[in-house]
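S.K.: coordinates for the following, if possible.
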Amino acid sequence: MKFQDKVVIVTGAAKGIGHSIALMYAAQGAKVVLADWDAENGLATEKLIREKGGQATFFLTDVGKPQDIENLMHRTQEKYGQINILINNAGLSRWKSPYELTVEEWDTILNINLRGVFLCAREAAKIMRQHGGGSIVNISSTRALMSEPDTEAYAASKGGIVALTHALAISLGPDHITVNAISPGWIETGDYDQLRPIDHRQHPAQRVGQPDDIARACLFLTDPDNNFITGANLVIDGGMTRKMIYEP
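M.R.: Okay, here's the model as predicted:
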């Protein structure tokens, strides 16, 4: 139980990957702070963790709003006294032709996905360094490395996260704060049983990913025994970005 009583903030914790990350840290004995703009599912996640015997607190948070981020960090410090781990998972996706994408839509995606990651990391680090350091994991995407059409804003935000990660790792290293990124590929957060055999076969790992695959990677990167790992981007995609594809 290396995470016993560690204070872990997970943004975007109400559903999907963030939900699984929060549950896994709670199962390891951590005190988990759930941050999300979805109050209904955020409170449901808090209730589920507590029913399982874990410790969790939900704070309504929109990472697109700098004041919400400052409030999240201050309230966490007030409740638990410190912050040991931050998982920057909150993000927004929107597929739209670059010919039609508005400036406002671009700014919304970049402000939530990229600026929010920076501000969360900075504000958490201010508290971490007062207590000997900590660990930050930023959730990027394989779309930082490859693309489908009409994903410019999302791809730019996720590529920015990878670059921001190694920059923060250098800046925060003297404060004993590690900063790493995870770039998930296809992680199915809906009905896994409805996936087709071809969906699994197109992955070299022979299956589509699941949220717990990412949660386990978060545990690995924030394990105190792994504090030599910083500035890294861990691609978890079942091998898809290594698979050469030719048109028939």
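S.K.: which stretches of the chain have low pLDDT?
M.R.: Confidence mapping of the chain against pLDDT under 70 gives zero matching residues.
S.K.: could you point out the longest strand of it?
M.R.: Ranked by residue count, the top strand of the chain under DSSP state E comes out as strand 177-184.
S.K.: quick one: strands adjacent to that strand?
M.R.: In the sheet containing strand 177-184, its partner strands are strand 134-139 (parallel), strand 233-236 (parallel), by DSSP bridges.
S.K.: those strands: which one's closest to residue 50?
M.R.: With CB to CB, the closest approach to residue 50 among the strands paired with strand 177-184 belongs to strand 134-139: 23.9 Å. Backbone N, C-alpha and C define where each C-beta goes, glycine included.
S.K.: got the CA coordinates for that closest one in CSV?
M.R.: In CSV, the C-alpha atoms belonging to strand 134-139 read as follows (Å, rounded to 0.1, in the frame of the first residue of the first chain):
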residue,chain,number,x,y,z
GLY,A,134,5.4,15.0,-5.4
SER,A,135,4.4,13.5,-8.7
ILE,A,136,2.4,14.9,-11.6
VAL,A,137,1.0,12.9,-14.5
ASN,A,138,-0.6,14.6,-17.5
ILE,A,139,-2.9,12.6,-19.7
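S.K.: contacts for the helix or strand just after the longest strand of the chain?
M.R.: On the C-terminal side of strand 177-184, the nearest following helix or strand under DSSP states H and E is helix 197-201. With CB atoms under 8 Å, 6 or more residues apart in numbering as the contact definition, helix 197-201 has outside contacts at 186, 206-208.
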